[in-house]
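[1] missing the sequence, but the structure's below:
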């Protein structure tokens, strides 16, 4: 069954949200272990991803192309933990299984789960060259955190935290500069933050407008394909109208 545009959008949002949640659960498991409900949540998400993968594999016209194009999805559902549990039986052979090696079992899943939402966000970060703005802002935050360390005597961690809070214009006030040079750095970061927020707003607007335009274009093309399936029933006027629409789409 082929999803329409609205259903496909909801599907992408839901699966991306589950992927982010799964990656968070994996990181929690690596750091402190999962509690009861978290274990069941992880299993449920893995079940959803497993069903999703094999359903898409079943309906894919080219199985090999689907397999090579969705390696990350396969890694996400691969039973790494089951395999590494078997390694525990080899404790008597430390040379075969280095100590702490099984702790890395979940790392491939972290990458695999975050790959899908990041792939969906790729288009957004390319809109209005927003990725360069994010990169420049990140560099400025790090640079500002280092400068404030020398101007105010803050630790590097506190300096970067302060620079981030200042740039995002949140301004908690838990850390604030008192020297002339510190306040000068703060003014510089505030200006960068104001510009970045304006860029985020314009990028969001452009992204959704382009997404809507692409949706309308794709829907129009699908309607034309449906009409062409009954080509013998079309009149000359209908064919001329289709040609005009296609020319207009090509120019746009």
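    Noted; the coordinates are in hand. Remember, predicted model here, so these are calculated numbers, not experimental data.
[2] Select the longest helix from the chain.
    helix 180-228 (DSSP state H).
[3] Pull the distance from that helix to the chain's centre.
    The chain centre lies 16 Å from the centre of helix 180-228; the measure is CA atoms, centre = their mean, to the nearest Å.
[4] The helix or strand following it versus helix 180-228: what angle between them?
    Counting by DSSP states H and E, the element after helix 180-228 in chain order, helix or strand, is helix 236-251. With axes from the mean of the first three to the mean of the last three CA atoms, to 10 degrees applied, the angle from helix 236-251 to helix 180-228 works out at 160 degrees.
[5] neighbours of residue 191, just the number please.
    11 (other CB atoms under 10 Å). Every C-beta, even on glycine, is put in place using the N, C-alpha and C of the backbone.
[6] now it: how far from residue 47?
    The gap separating residue 191 from residue 47 is 49 Å, by CB to CB, to the nearest Å.
[7] where do the strands sit along the stretch 51-200 of the chain?
    In the stretch 51-200 of the chain, no strands are defined using DSSP state E, counting those that start in this stretch.
[8] remind me which residues of it are low pLDDT?
    Applying pLDDT under 70 to the stretch 51-200 of the chain picks out residues 79-111, 116, 118-120.
[9] Check which helices and strands whichever strand or helix holds residue 42 sits against.
    Under the criterion of DSSP H and E, residue 42 resides in helix 36-59. Where contact means 3 or more CB pairs under 8 Å, 6 or more residues apart in numbering; DSSP states H and E, helix 36-59 is packed against helix 5-31, helix 63-69, helix 71-77.
[10] And that helix, what's buried?
    41, 42, 45, 46, 49, 50, 52, 53 (16 or more other CB atoms under 10 Å).
[11] Could you check the angle it makes with helix 5-31?
    Using the same axes, to 10 degrees: helix 36-59 against helix 5-31 is 130 degrees.
[12] So which residues make contact with helix 36-59?
    Residues outside helix 36-59 that contact it (CB atoms under 8 Å, 6 or more residues apart in numbering): 15, 18-19, 21-22, 25-26, 28-29, 34, 63, 66-67, 70, 73-74, 76-77.
[13] Can I get the buried ones among the residues you listed as something I can paste into PyMOL?
    A single PyMOL command suffices to select whichever of those are buried according to 16+ other CB under 10 Å:
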select buried, resi 15+18+19+22+25+26+29+66+70+73+76+77
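[14] rewinding a little: tell me which of the buried residues of helix 36-59 is nearest to residue 140?
    Closest approach to residue 140 among the buried residues of helix 36-59 (CB to CB): residue 45, at 36.7 Å.
[15] Read off the pLDDT value for the closest one.
    Here, the pLDDT recorded for residue 45 equals 85.
[16] on that earlier part again, ok, the buried residues of helix 36-59 vs residue 217, which is closest?
    Taking those together and measuring to residue 217 by CB to CB, the closest member is residue 52, at 27.3 Å.
[17] How many residues are close by residue 239?
    Using other CB under 10 Å, residue 239 is surrounded by 13 other residues.
[18] What separation is there between it and residue 24?
    From residue 239 over to residue 24 (counting by CB to CB), the distance is 54 Å.
[19] Run a quick neighbour tally on residue 117.
    Residues near residue 117, counting by other CB under 10 Å, number 18.
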